[in-house]
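> No sequence on hand, only this structure:
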Ligand code: HEM
């Protein structure tokens with residue numbers, strides 16, 4: 001016994017072969033039994049089993065994939081429905097709760113929380129960047145080295161180049177649409193504008209979407225086309241991990257040098273970084289890249305090429321579709337609410353503002369404009385849930401205990417619909433709600449979630465606010481706009497809004513008309 005004789009080895013080999021053949025012929029039974037056992041565990045014995053939610057959500061992660069695709073990418077609406085049915089806390093995934101009570105915002109997004117298990121970012125072709133860092137400790141380290149790039153002092157240094165993109169947009173809207181009485185799909189132009197600003201802010205050079213009037217090199221389209229797959233991998237993490245084991249798959253993941261897919265954006269980004277390094281990163285460039293090239297880790301070492309690339313890429317992702325979605329929501333509501341538009345125009349036209357683009361300092365002092373923007377951010381921010389890992393030892397949520405290590409998430413759009421916070425007209429665009437006195441404004445500010453919460457709140461907030469203030473002022477002062485309906489002459493395709501975790505929209509048709517008294521060519525591109 002216990003001695004390795006040829007006979008013992010033969011016996012062990014025979015046993016292994018027997019076990020293998022048993023597994024092979026009963027594979028399906030074994031798999032079913034395992035899945036059933038896991039489903040029973042998740043449904044009845046899991047630490048989150050006391051929380052209500054849809055049956056399939058409690059036993060499989062695929063349910064949230066289903067919600068992502070269902071009804072043509074309308075997960076925000078499904079999540080709202082689930083809350084109506086099951087209450088403020090819904091078990092959306094076996095190990096994740098979706099919470100719709102704003103009173104838990106600071107518990108979930110507390111200053112030291114970790115991000116919940118996310119897609120293995122290496123698989124998606126990224127390294128650790130500030131927005132993807134999971135642990136609080138690594139997030140603090142990564143945020144510290146780049147935070148100064150996003151400071152208000154630095155953002156102000158970028159103001160003139162943002163102005164140039166606003167002017168370019170106004171010029172294009174005027175010459176291509178208003179002057180020619182042609183219908184404009186403003187959903188696309190809002191996107192061109194936001195992508196140009198974000199690339200300018202990141203690299204000191206806008207791609208030129210606005211000037212070209214199209215999605216240059218298919219950068220945006222390629223990115224959007226990849227989002228459904230990305231969303232599956234984020235939701236079913238084991239699938240992402242399994243894929244990572246497939247030989248050659250990493251090679252197939254997006255990377256700089258690709259001519260299709262997300263890699264196109266990476267190629268573009270790497271070209272600009274290399275060019276800047278060749279130029280010696282001159283002082284006169286105030287953009288984020290300039291700061292990243294000068295940034296230092298705690299031990300004094302610089303950021304690597306890969307780290308700089310990841311930060312830049314993720315800024316393009318985080319700062320473009322987010323801003324354009326808010327701009328679309330805001331303009332749609334202005335063009336369909338003449339009273340709101342008239343009040344905003346009155347405020348802007350009676351203020352002493354620089355033309356064609358007012359300064360950020362001038363605009364932040366205008367109360368009605370700020371109320372309009374707060375309302376647009378409330379309703380137009382993200383429509384996806386933002387997950388966090390529950391810190392030890394856990395917390396009590398609506399009378400039930402959520403243990404540490406589980407995931408909890410909140411969705412900014414779902415919270416924006418809360419009648420408890422915003423009253424019966426929660427879903428309506430009503431800037432007046434921000435103008436009901438200091439006390440009420442402070443109460444609403446407590447629930448602000450558009451830019452996230454806690455230590456991981458949006459670093460680009462000041463950039464977004466600056467560009468939104470300027471572009472809205474420019475549009476309102478320059479044009480009257482009318483939303484067009486399907487079937488009208490010039491409306492080439494129907495409107496479509498998809499929630500791909502970012503809002504992807506096309507077909508927001510607007511008839512622009514230069515305002516009376518505004519000179520032709522007022523927004524001249526120098
Ligand atoms: C209206 C426009 C924007 C909205 C609604 C928005 C929203 C958000 C939200 C909700 C988060 C938190 C995500 C989380 O907690 O996991 C976030 C993070 C972030 N955003 Fe924005 N964002 C906007 C514009 C921008 C812009 C223009 C930039 C950069 C140019 C930017 C860069 C970032 C970065 C770097 C982070 C990660 C911060 C961290 O993890 O420490 N965002 N944003």
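Thanks, I have the structure now. In this text the structure is predicted, and so the values were computed from the model without any measurement. Numbers count the residues shown, from 1 in each chain.
> part of a strand, is residue 358?
No - Residue 358 is assigned coil when assessed by DSSP: H, G, I helix; E, B strand; the rest coil, not a strand.
> Now do it, the pLDDT please.
Looking at residue 358, its pLDDT stands at 96.
> Where does the prediction get shaky in the stretch 351-500 of the chain?
The model of the stretch 351-500 of the chain has no residue with pLDDT under 70.
> residues from it in reach of the ligand?
Residues of the stretch 351-500 of the chain lying near the ligand by Cβ under 6 Å from any ligand atom: 381-382, 386, 450-452, 456, 458-460, 463-464. Placement of C-beta: from N, CA and C, glycine included.
> now swap in the stretch 151-300 of the chain and tell me
So far as Cβ under 6 Å from any ligand atom goes, the stretch 151-300 of the chain lies against the ligand at 198, 201.
> where along the stretch 151-300 of the chain do the helices fall?
Here the stretch 151-300 of the chain has its helices, by DSSP state H, counting those that start in this stretch, at 152-157, 159-172, 186-203, 209-212, 219-235, 237-245, 249-252, 263-279, 288-294.
> Single out the most deeply packed of those.
Per residue and on average, the most neighbours among the helices of the stretch 151-300 of the chain fall to helix 186-203, with a mean of 26 (mean count of other Cβ atoms under 10 Å).
> what's the closest non-adjacent residue to residue 46?
Leaving aside its sequence neighbours, residue 46 sits nearest to residue 94 (Cβ to Cβ, 6 or more residues apart in numbering; 6.4 Å).
> Same question for residue 110.
Nearest in space to residue 110, with sequence neighbours left out and distances taken as Cβ to Cβ, 6+ apart, is residue 454 at 5.9 Å.
> Count the neighbours of the one you found for me.
Other residues near residue 454 come to 15 when the count uses other Cβ atoms under 10 Å.
> Tell me the spacing between it and residue 143.
Residue 454 is 12 Å from residue 143, where distance means Cβ to Cβ, to the nearest Å.
> what's the answer for residue 91, then?
From residue 91 to residue 143 the distance is 31 Å (Cβ to Cβ).
> what about the two, which has more around it?
residue 91 (25 against 16).
> so the more buried one bridges to which residues?
residue 97 (DSSP bridges).
> Contact partners for it?
Listed by Cβ atoms under 8 Å, 6 or more residues apart in numbering, the contact set of residue 91 reads 48, 51-53, 57-58, 97-98.
> can you check residue 517 too?
Listed by Cβ under 8 Å, 6+ apart, residue 517 has no contact partners.
> Quick check: residue 79 vs the ligand, distance?
16 Å (Cβ to the nearest ligand atom, to the nearest Å).
> Contacts for the host helix or strand of that residue, please.
Using DSSP states H and E, the element containing residue 79 is helix 75-86. Applying Cβ under 8 Å, 6+ apart, the external contacts of helix 75-86 come out as 52-54, 67-68, 70-71, 90, 92, 98, 100, 383-385, 411, 413-414, 417, 499.
> Recalculate using a threshold of 7 Å.
By Cβ atoms under 7 Å, 6 or more residues apart in numbering, the surrounding residues in contact with helix 75-86 are 52-54, 67-68, 70, 90, 98, 100, 383, 385, 411, 413-414, 417, 499.
> swap in stretch 308-315?
126-127, 129-132, 146, 198, 202-203, 265-266, 269-270, 273, 288-289, 292-293, 460.
> Is the ligand within reach of it?
Yes - Stretch 308-315 lies within reach of the ligand by Cβ under 6 Å from any ligand atom, at residue 315.
> List the buried residues in that stretch.
For stretch 308-315, burial by neighbour count (16 or more other Cβ atoms under 10 Å) applies to 308-315.
> Residue 44: which of those is nearest?
Among these, residue 314 lies closest to residue 44 (Cβ to Cβ), at 39.9 Å.
> quick one on the thing from earlier: can you tell me which of the contacts of helix 75-86 are buried?
Neighbour counting by 16+ other Cβ under 10 Å classes 53-54, 67-68, 90, 98, 100, 383, 385, 411, 413-414, 417, 499 among those as buried.
> now, which of those lie within strands?
Counting by DSSP state E, the members of those that fall within strands are 90, 98, 499.
> Might one say that the first one is in contact with residue 96?
Read that as residue 90. No - taking contacts as Cβ atoms under 7 Å, residue 90 lies outside contact range of residue 96: 9.6 Å.
> and residue 386, what does it touch?
Applying Cβ under 7 Å, 6+ apart, the residues contacting residue 386 are 409-410, 452.
> how near is the residue of the stretch 301-450 of the chain found nearest the ligand to residue 425?
Residue nearest to the ligand within the stretch 301-450 of the chain (Cβ to the nearest ligand atom): residue 319, separated by 2.7 Å. Counting by Cβ to Cβ, the separation of residue 319 from residue 425 is 30 Å.
> More neighbours: these two, which one.
residue 319 (25 against 11).
> my guess is the more buried one meets residue 198, correct?
Yes - with contact defined as Cβ under 7 Å, residue 319 and residue 198 form a contacting pair (4.2 Å).
> Name the nearest residue to the closest residue to the ligand within the chain, sequence neighbours excluded.
At 2.0 Å from the ligand, residue 460 is the closest residue in the chain, using Cβ to the nearest ligand atom. Closest residue in space to residue 460, ignoring its immediate chain neighbours: residue 319 at 4.7 Å, by Cβ to Cβ, 6+ apart.
> Run through the residues that contact the one you found.
Counting by Cβ under 7 Å, 6+ apart, residue 319 has contacts 198, 460, 463-464.
> Could you identify the buried members of the residues you listed?
The neighbour-count test (16+ other Cβ under 10 Å) marks 198, 460, 463-464 as buried among those.
> can you pull out the helices in the stretch 401-526 of the chain?
Secondary structure of the stretch 401-526 of the chain, counting by DSSP H, counting those that start in this stretch: helices at 412-416, 419-422, 438-445, 461-478.
> Just send those back as TSV, with distance to residue 139 too.
As requested, these are arranged in TSV below (distance: least, Cβ to Cβ, whole Å):
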stretch	distance to residue 139
helix 412-416	20
helix 419-422	28
helix 438-445	24
helix 461-478	17
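> mind checking which of those is nearest residue 327?
With distances scored as Cβ to Cβ, the stretch of these nearest to residue 327 is helix 461-478 (6.4 Å).
> Tell me how far the closest one lies from the chain's centre.
Remark: helix 461-478 is offset 19 Å from the chain centroid, using Cα atoms, centre = their mean, to the nearest Å.
> OK, contacts around the closest residue to residue 305 other than its chain neighbours?
Nearest-residue entry for residue 305: residue 273, 6.8 Å, with adjacent residues in sequence omitted and distances by Cβ to Cβ, 6+ apart. Residue 273 is in contact with 289, 305, 308-309, 312, counting by Cβ under 7 Å, 6+ apart.
> Out of the buried residues of stretch 308-315, list just those in helices.
Per DSSP state H, helices hold the following members of the buried residues of stretch 308-315: 308-315.
> Tell me the pLDDT of the residue nearest to residue 87 when sequence neighbours are not counted.
Of all residues not flanking residue 87 in the chain, residue 52 sits nearest, at 6.3 Å (Cβ to Cβ, 6+ apart). At residue 52, the model reports a pLDDT of 98.
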